[in-house]
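K.L.:
pasting the sequence and the predicted model now:
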Amino acid sequence: MSEKGKVVLAYSGGLDTSVAVRWIQETYGLDVITLTIDLGTHEDLETIRARALEVGAVKALVVNAADVFVDYFIWPALQAGALYEGAYPLATALGRPLIAKLLVDTARREGAGAVAHGCTGKGNDQVRFDVSTKTLAPELKIVAPAREWNMTREEELDYAEKHGITVDVTRKSPYSTDENLWGRSVECGVLEDPWVEPPEEVYAWTASPADAPAQPEHVEVAFEKGVPVGLNGDKMGSVALIEELNSVAGRHGVGRIDHIENRLVGIKSREIYEAPAAVVLHAAHRALEGVTMTRQALRFKEIVSRHYADIIYDGLWFSKFHQDLAAYVLSSQQVVSGSVKMKLFKGQATKVGVRSQFSLYSRKLATYGAGDEFDHRAAVGFIALHGLPTRTQAQVLKNLLPEEAVRPRLSPPELKPE
Ligand code: ARG
């Protein structure tokens with residue numbers, strides 16, 4: 001008797017992936033091994049494991065990947081300043097390549113010929129899973145039930161009922177959410193109208209800024225080479241540090257993001273994010289770079305950050321291009337050590353102090369008071385050369401191109417005193 005083929009399914013314990021277990025067995029005749037990965041949200045892994053077996057998995061595996069997630073995915077993204085379209089800290093996008101890698105590892109260990117995920121056909125997540133999987137393991141097949149089964153929500157619920165798969169409260173919520181340690185996302189329901197202000201009920205990690213404490217709270221973040229290592233003078237492990245900041249900053253209403261986002265598949269979608277720790281840490285990290293990196297390096301870093309965010313968002317984590325950019329980022333972070341004082345107040349996280357042994361800020365150069373060591377006379381020659389090309393061209397153009405024709409908005413009319 002030949003053994004049945006096996007597939008490893010990324011299993012959340014929710015309705016879609018529970019239905020997927022049964023659907024894969026029926027449609028492909030494969031044995032389903034589920035893999036549930038905790039990315040720092042303290043899932044009840046034993047309950048999820050039991051549910052997987054109950055809905056028909058032949059084996060249910062669970063793994064706590066929070067530390068690896070932070071050290072290998074979140075910190076590099078923070079060091080890179082990766083915010084998609086300047087706004088989204090990329091929580092979900094960072095989680096997908098790790099999940100794909102763990103699926104691949106598991107498939108190889110278990111002798112499975114395929115991996116499976118619950119993504120639909122219109123999101124970014126399918127791209128991230130599929131590209132990551134195929135890059136790491138070209139030999140594996142990918143099964144994506146929700147992309148293949150062509151069931152409406154109602155048909156899916158019927159299918160679940162028919163197969164004795166219990167449906168929990170997710171049926172009632174009009175929202176679609178995803179979360180890991182780095183942030184939470186909310187879509188669907190009234191949020192699909194971009195004119196509608198998000199109702200308070202969509203938020204789970206943050207207080208409403210209006211109800212946040214009347215007194216501000218300060219938090220001091222210590223960095224070593226661009227990586228957060230402590231809060232308020234205490235050394236802290238990566239996961240604990242993010243958890244603590246999520247709770248402190250969330251209490252002050254910090255970390256709400258309302259973003260009309262350009263999906264990779266061409267759709268604009270309205271996304272609500274909550275990412276208190278990410279918002280505080282990105283602001284603090286940028287502030288520390290601001291004093292430790294030169295102007296030139298900072299300008300270049302902006303470009304790198306944008307490309308880095310796109311790489312993550314677009315599912316290209318395991319690309320050579322990412323490795324190349326990461327090498328640059330890592331090198332750039334050698335000077336990004338020190339501390340940043342952040343003030344949390346009514347939805348805002350503001351940098352109010354920064355210090356570093358690598359600081360390029362020099363009081364002797366900057367001061368307008370006593371002890372000024374800046375050479376004012378040197379400025380004259382500098383300005384002469386700095387302005388030289390502009391002055392030269394102005395002379396050349398003077399009689400050739402009327403000023404108003406070339407730069408109308410930049411040439412205000414002459415005003416005569418009355
Ligand atoms: N729009 C975000 C992204 O593409 C969040 C996606 C959330 N995923 C989900 N399956 N609900 O990264």
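P.N.:
Structure's in. What do you need?

K.L.:
what's around Phe318, how many residues?
P.N.:
Neighbour count of Phe318, defined by other Cβ atoms under 10 Å: 16. In this view, the C-beta of every residue, glycine as well, is placed from N, C-alpha and C.

K.L.:
name the SS class of the residue of the stretch 151-300 of the chain found nearest the ligand, please.
P.N.:
Of all residues in the stretch 151-300 of the chain, the one sitting closest to the ligand is Asp178 (3.7 Å; Cβ to the nearest ligand atom). What DSSP: H, G, I helix; E, B strand; the rest coil gives for Asp178 is strand.

K.L.:
so who does it touch?
P.N.:
The neighbourhood of Asp178, defined by Cβ atoms under 8 Å, 6 or more residues apart in numbering, consists of 91-92, 184-185.

K.L.:
Glu46 too?
P.N.:
Residues in contact with Glu46 (Cβ under 8 Å, 6+ apart) are Val62.

K.L.:
tell me the pLDDT at it?
P.N.:
Per-residue pLDDT puts Glu46 at 94.

K.L.:
Thr36 versus that one, what's the distance?
P.N.:
Remark: distance between Glu46 and Thr36 (Cβ to Cβ, to the nearest Å) = 10 Å.

K.L.:
now the common contact residues for the two.
P.N.:
When contacts are counted by Cβ under 8 Å, 6+ apart, Glu46 and Thr36 have Val62 as shared neighbours.

K.L.:
any low-confidence regions in the protein?
P.N.:
Scanning the chain for pLDDT under 70 picks out 1-3, 168-172, 403-410.

K.L.:
close to the ligand: what parts of it are there?
P.N.:
Neighbours of the ligand within the chain, by Cβ under 6 Å from any ligand atom: 92-93, 123-125, 176, 178, 185, 261, 271.

K.L.:
how about the one residue sitting closest to the centre of the chain: what's its closest non-neighbour residue?
P.N.:
In the chain, the centroid-proximal residue (Cα atoms, centre = their mean) is Leu90; its distance is 1.6 Å. The shortest distance from Leu90 to any non-neighbouring residue, by Cβ to Cβ, 6 or more residues apart in numbering, is to Ile312 (5.1 Å).

K.L.:
got the buried residues for whatever helix or strand the one you found lives in?
P.N.:
Assigned by DSSP states H and E, Ile312 belongs to helix 295-313. The neighbour-count check on helix 295-313 (16 or more other Cβ atoms under 10 Å) flags 301, 304-306, 308-309, 311-313 as buried.

K.L.:
do the same with stretch 6-20
P.N.:
Neighbour count says stretch 6-20 has 6-13, 15-20 buried, by 16+ other Cβ under 10 Å.

K.L.:
now do it: distance from first to last residue.
P.N.:
This stretch, stretch 6-20, spans 14 Å end to end (Cα to Cα, to the nearest Å).

K.L.:
before we move on, what about stretch 330-345?
P.N.:
Chord length of stretch 330-345, first to last residue, is 32 Å (Cα to Cα).

K.L.:
surely Asp38 and Asp67 touch.
P.N.:
No. Assessed by Cβ atoms under 8 Å, Asp38 is found out of contact with Asp67, at 10.6 Å.

K.L.:
looking at those two, which is more packed in?
P.N.:
Asp38 (18 against 12).

K.L.:
check contacts around the more buried one.
P.N.:
Asp38 sits next to 45, 62-66 when contact means Cβ under 8 Å, 6+ apart.

K.L.:
now the buried members of these.
P.N.:
Among the contacts of Asp38, those scoring as buried are 45, 62, 64-66 (criterion: 16+ other Cβ under 10 Å).

K.L.:
just those residues: which are in helices?
P.N.:
Judged by DSSP state H, the buried ones among the contacts of Asp38 include 45, 66 as members of helices.

K.L.:
columns distance to Gly81 on top of the buried ones among the contacts of Asp38, output as a markdown table?
P.N.:
Shown next, in a markdown table, are the buried ones among the contacts of Asp38 (distance: Cβ to Cβ, whole Å):
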| residue | distance to Gly81 |
| --- | --- |
| Leu45 | 33 |
| Val62 | 33 |
| Asn64 | 28 |
| Ala65 | 24 |
| Ala66 | 23 |
